[in-house]
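Colleague: Sharing a sequence plus its predicted fold:
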Amino acid sequence: MQRRTKIVATLGPASDDEKTLRRMINAGLDVARLNFSHGAPDDHRRRAKMLRSAAAACGREVGIMGDLQGPKIRIRRFKDHSVALVDGEQFFLDSTLGLMDGDATGVGVALETLHEDVSPGDILLLNDGLITLEIERIEGTRIHTIVVHGGILSDHKGINLKGGGLSAAALTDVDKENIKIAADMGLDFLAVSFVRNGEDVEEARRLLREAGGQGSIVAKVERTEAVENINSIIEASDVIMVARGDLGVEMGYAELIGIQKKLIRKTRKAHKIVITATQMMESMILNPIPTRAEVSDVSNAVIDGTDAVMLSGETAVGAYPAEAIAAMAEVCVGAEKFPIPFSQSSHRMQDHFEQVDEAIAMATMYTANHMSVKAIIALTESGSTTRWMSRIRSDIPIYAFTPYVQTSRRVAMYRGVYPVFFEMDVANPTNLYQSIFDTLLSNNLVKDGDLALLTKGDLDGVSGSTNSMTVIKIKSST
């Protein structure tokens, strides 16, 4: 059984050699993530180059996603690097305090307008929610708080406002420079952190295109405002990432699973791609197998219909990067054996289609789910036909036959879609079909005599020109 759910994994010190990358690719890596929050541009360039080399050696096309840092709001530094906050004691935050002047009474904060965004009674959550402060009063730029839940607080920890509402823009000056780097590197995906609305996504796309980049835009949903404006964000994006870290801190962990399910459902309904991320197998940073709770977490996302699941620290700094991918792949396959409650073959039966290739994609999936078909083959320039197909529930593999490596890497994120490099000869249908048959048979993807569905267009080299579906019988040339 082929795994349909895709795996995104973060590169870092733990995966910083080609041998390890090959093991990760062979274990099931589909898209590699470069986290721009850590490392210099030269580190990202080197890792991307090394990944391309490792993928070529494995005979695979692996996508690469650059993940912008975004306006992660952090405290500044302490004189002794950390302090112990005690329940009931006072502690202040002040954007005008020196960079390294923090102590047990208060600390500086990087957001200059923080005092304008909050009010007495608001709750501030520090260090991923482990420390809770309640705002008592505000005097100028100084925010006086009472420690509700204390603990050890060290340099540069993040700050969230419970319920959201901080005014920091999604794209910082550093992000704008990193967008140029991502364009120059030819990255396949660009993830935008802490988006608030569709305008943030559109700005990132404009900057990427102006810099010459053609990658797909991933909107990371990790703010309360993003959930409130999710329709505009989905419309403006190519991919949605359910980034459960900061989102869980702002909205509360009890609300998180319902929000995750809602985001997956809404994104799929809009025919976009969705990634579920954060702490999916975090115990594997130190351990060679996941916990049963992590297995359930990954399985739940798969059964809900996520296109991809993502590993972060597990593969960036963990002791078992390849093993984490292998374990996640195994869990995905196990979860995919069970009925998945989304997009049955009657999906969109009452819709009116504006685009011919979209209508062909829907007709193909309806036919596939009502015939004994072993494979779906899409001759595709951009991959859009396979994206529409992948929104429909089916256990039948969809093979994106394309001559473009950029398309192969893009569809690597699509659930149930597998890229196949193929030079098209649409001028000679007989040779075209036999070439398709030979490619499928040589890769053991079908057997002689199997039925398959083929979609293609009359205009070679024209994106969006798919206008036909054909039922074909696989025939060996020997």
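Modeller: Done, it's in.

Colleague: can you list the domains in the protein?
Modeller: Listed domain ranges for the chain are 6-70+170-335, 82-161, 356-473 (source: automatic domain parsing).

Colleague: Compare those and give me the one nearest residue 76.
Modeller: With CB to CB as the measure, domain 82-161 is the member of these nearest residue 76 (3.5 Å). Every residue, glycine included, has its C-beta placed from N, CA and C.

Colleague: now that closest one: how far from the chain's centre is it?
Modeller: 31 Å (CA atoms, centre = their mean, to the nearest Å).

Colleague: Got the confidence number for the residue lying closest to residue 5 once chain neighbours are set aside?
Modeller: Counting by CB to CB, 6 or more residues apart in numbering, the nearest residue to residue 5 once its immediate chain neighbours are dropped is residue 332, at 4.2 Å. As predicted, residue 332 sits at a pLDDT of 97.

Colleague: shouldn't residue 332 be in contact with residue 301?
Modeller: No - here residue 332 lies out of contact with residue 301, judged by CB atoms under 8 Å, at a distance of 9.2 Å.

Colleague: And these two? Which one has more around it.
Modeller: A direct count of neighbours by other CB atoms under 10 Å for residue 332 and residue 301 places residue 301 higher, at 29 against 23.

Colleague: what about the more buried one, distance to residue 280?
Modeller: 8 Å (CB to CB, to the nearest Å).

Colleague: Then residue 330?
Modeller: 13 Å.

Colleague: which of the two has more neighbours?
Modeller: Per other CB under 10 Å, whichever of residue 330 and residue 280 has more neighbours is residue 280, with 23 against 16.

Colleague: Sticking with the more buried one, tell me its helix or strand.
Modeller: Of the helices and strands defined by DSSP states H and E, none includes residue 280.

Colleague: Let me know whether residue 174 touches residue 72 as I believe.
Modeller: No - in this structure residue 174 lies outside contact range of residue 72 using CB under 8 Å: 10.7 Å.

Colleague: These two: who's more crowded?
Modeller: Using other CB under 10 Å as the criterion, residue 174 and residue 72 rank with residue 72 on top: 18 against 14.

Colleague: ok, and the closest non-adjacent residue to that one?
Modeller: residue 158 (5.6 Å).

Colleague: And the strands in the stretch 51-200 of the chain?
Modeller: 63-67, 82-85, 90-94, 106-108, 123-126, 131-139, 142-149, 151-154, 159-161, 189-192 (DSSP state E, counting those that start in this stretch).

Colleague: Repeat that for the stretch 351-478 of the chain.
Modeller: 375-379, 398-402, 417-421, 451-457, 466-473.

Colleague: would a markdown table of those strands with mean pLDDT, mean neighbour count and distance to residue 216 be doable?
Modeller: Formatted as a markdown table, the strands of the stretch 351-478 of the chain follow (pLDDT from 0 to 100; neighbours: other CB atoms under 10 Å; distance: least, CB to CB, whole Å):
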| stretch | mean pLDDT | mean neighbour count | distance to residue 216 |
| --- | --- | --- | --- |
| strand 375-379 | 94 | 26 | 18 |
| strand 398-402 | 95 | 27 | 15 |
| strand 417-421 | 95 | 21 | 14 |
| strand 451-457 | 91 | 22 | 21 |
| strand 466-473 | 88 | 16 | 19 |
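
Colleague: circling back: redo the strands of the stretch 51-200 of the chain as TSV? Include distance to residue 326, mean pLDDT and mean neighbour count.
Modeller: Shown next, in TSV, are these (distance: least, CB to CB, whole Å; pLDDT from 0 to 100; neighbours: other CB atoms under 10 Å):
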stretch	distance to residue 326	mean pLDDT	mean neighbour count
strand 63-67	19	98	26
strand 82-85	37	96	16
strand 90-94	44	98	21
strand 106-108	42	97	22
strand 123-126	35	96	21
strand 131-139	36	98	17
strand 142-149	38	98	18
strand 151-154	34	96	16
strand 159-161	34	94	22
strand 189-192	23	98	27
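
Colleague: follow-up on the earlier one: may I ask which helix or strand encompasses the residue nearest to residue 5?
Modeller: helix 321-336.

Colleague: returning to that earlier point: now for residue 301 and residue 280: what residues contact both?
Modeller: residue 309 (CB atoms under 8 Å, 6 or more residues apart in numbering).

Colleague: What's the separation between residue 108 and residue 312?
Modeller: 28 Å.

Colleague: ok, residues contacting stretch 112-124?
Modeller: Contacts of stretch 112-124 (CB under 8 Å, 6+ apart): 73, 93, 95, 111, 132-138, 140-143, 145, 148, 159-163, 165-168.

Colleague: and what of stretch 84-99?
Modeller: Outside stretch 84-99, the residues that reach it (CB under 8 Å, 6+ apart) are 75-77, 104-115, 124, 131, 133, 136, 141-153, 159.

Colleague: same thing with stretch 353-373?
Modeller: Applying CB under 8 Å, 6+ apart, the contact partners of stretch 353-373 are 345, 347-348, 351, 376, 384-386, 388-389, 392-394, 396, 451-453, 455, 457, 464-469, 471.
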